[in-house]
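> Model the structure of this input:
(one chain, ligands or ions: 1)
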Amino acid sequence: METKSLSRQRDFSYYINPYTNLKANESSGPLVIERGDGVFVYDEDGKEYLEGMSGLWCVSLGFSESRLIRAAEQQMKTLPYYHSFTGKVPAVTLELSERLVEMAPKPMSKVLYANSGSESNDTAVKVAWYYQNALGRPDKKKIISRLRGYHGVTITSGSLTGMDYAHKGFDLPRPHVIHAEAPHYFREALPGESEEAFTGRLADSLEHLILKENPDTIAAMIAEPVQGAGGVIIPPEKYFQAIQPILRKYQILLIADEVICPQAISLYPDC
Ligand SMILES: Cc1ncc(COP(=O)(O)O)c(C=O)c1O
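Below you'll find the predicted structure:
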């Protein structure tokens, strides 16, 4: 995705591209994608690209999939918009919720919708705070995230993100977010350290962090099953088994950020 369309001279200064050098963008402009089909997208000059990242990791069914087009068209004709506030719900929302709960691993039994991954993670943090407040633990407010983690762009989800580029200049991370190490065996294991020993070291280090911060001030830890934007990092096999007893010991919830990696919940044996 490096070549930019040369055929059109445009003023790009009015458009803000997230995660982009805006100064460079003013002169060189973004790559303008016009359409997609299956695993390919096409720029405005008709040049074809294999979309290896599936958009932003989310076009699992391919571009311009006819079943999705039909479903969207049908829904736009039947009920293009409605909300779920104050005890109302669109029929189609209820139907999808039943299907999601049927598909989800037990004992998951509740669905709450959001408009993006960032909003989902902000909501998960709100729910964790609400949960701890309801149980009479109002001081539990901090959230542990991990370096190299990616959780979104809002004030809280951007704070959870464990990458400098998401923080610099934005006063992030906010004070209630603390970062633990990434389970990146390839980059961060010590010379000669086995995967098991690496996992044990990370678990010990997490417990030290919890004790240093004071467990009574920590509400939850958030983790991607596989760290995507941070480098597609698959954790050591026993990583989640190792950290869950520690979190449970200190009444710290585990938030599974499965925004780009659904159904991996089986990685968390306690759920
Ligand atoms: C693991 C993870 N969480 C959250 C997000 C944020 O999702 P969105 O871009 O829909 O806000 C992403 C985006 O790629 C992600 O990879």
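
> In terms of secondary structure, what does the host helix or strand of residue 42 contact?
Here residue 42 sits within strand 40-43, counting by DSSP states H and E. Judged by 3 or more Cβ pairs under 8 Å, 6 or more residues apart in numbering; DSSP states H and E, the packing partners of strand 40-43 are strand 33-37, strand 48-50. Yep, even glycine has a C-beta here, placed from its N, CA and C like the rest.

> Mind exporting the C-alpha coordinates of it to CSV?
The C-alpha coordinates for strand 40-43 follow below in CSV (Å, rounded to 0.1, in the frame of the first residue of the first chain):
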residue,chain,number,x,y,z
PHE,A,40,-8.8,-7.1,-2.9
VAL,A,41,-9.2,-3.4,-2.9
TYR,A,42,-8.7,-0.9,-5.8
ASP,A,43,-7.4,2.6,-5.7
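
> Which positions within that strand qualify as buried?
Residues 41, 43 are the ones in strand 40-43 that count as buried (16 or more other Cβ atoms under 10 Å).

> In its sheet, which strands sit next to it, and in what direction?
strand 33-37 (antiparallel), strand 48-50 (antiparallel) (DSSP bridges).

> Residue 58: which of those is closest?
strand 33-37 (12.3 Å; Cβ to Cβ).

> Can you give the distance of that closest one from its chain's centre?
25 Å (Cα atoms, centre = their mean, to the nearest Å).

> Strands of the protein, residue ranges please.
Along the chain, counting by DSSP state E, strands occupy 33-37, 40-43, 48-50, 142-146, 177-180, 218-223, 253-256.

> could I get the ones you listed as JSON lines with mean pLDDT and distance to residue 91?
Listed next are those as JSON lines, based on pLDDT from 0 to 100; distance: least, Cβ to Cβ, whole Å:
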{"stretch": "strand 33-37", "mean pLDDT": "97", "distance to residue 91": "30"}
{"stretch": "strand 40-43", "mean pLDDT": "98", "distance to residue 91": "34"}
{"stretch": "strand 48-50", "mean pLDDT": "98", "distance to residue 91": "39"}
{"stretch": "strand 142-146", "mean pLDDT": "98", "distance to residue 91": "36"}
{"stretch": "strand 177-180", "mean pLDDT": "98", "distance to residue 91": "39"}
{"stretch": "strand 218-223", "mean pLDDT": "98", "distance to residue 91": "33"}
{"stretch": "strand 253-256", "mean pLDDT": "95", "distance to residue 91": "29"}
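
> so which of those strands comes closest to the ligand?
Closest approach to the ligand among these is made by strand 218-223 (9.1 Å; Cβ to the nearest ligand atom).
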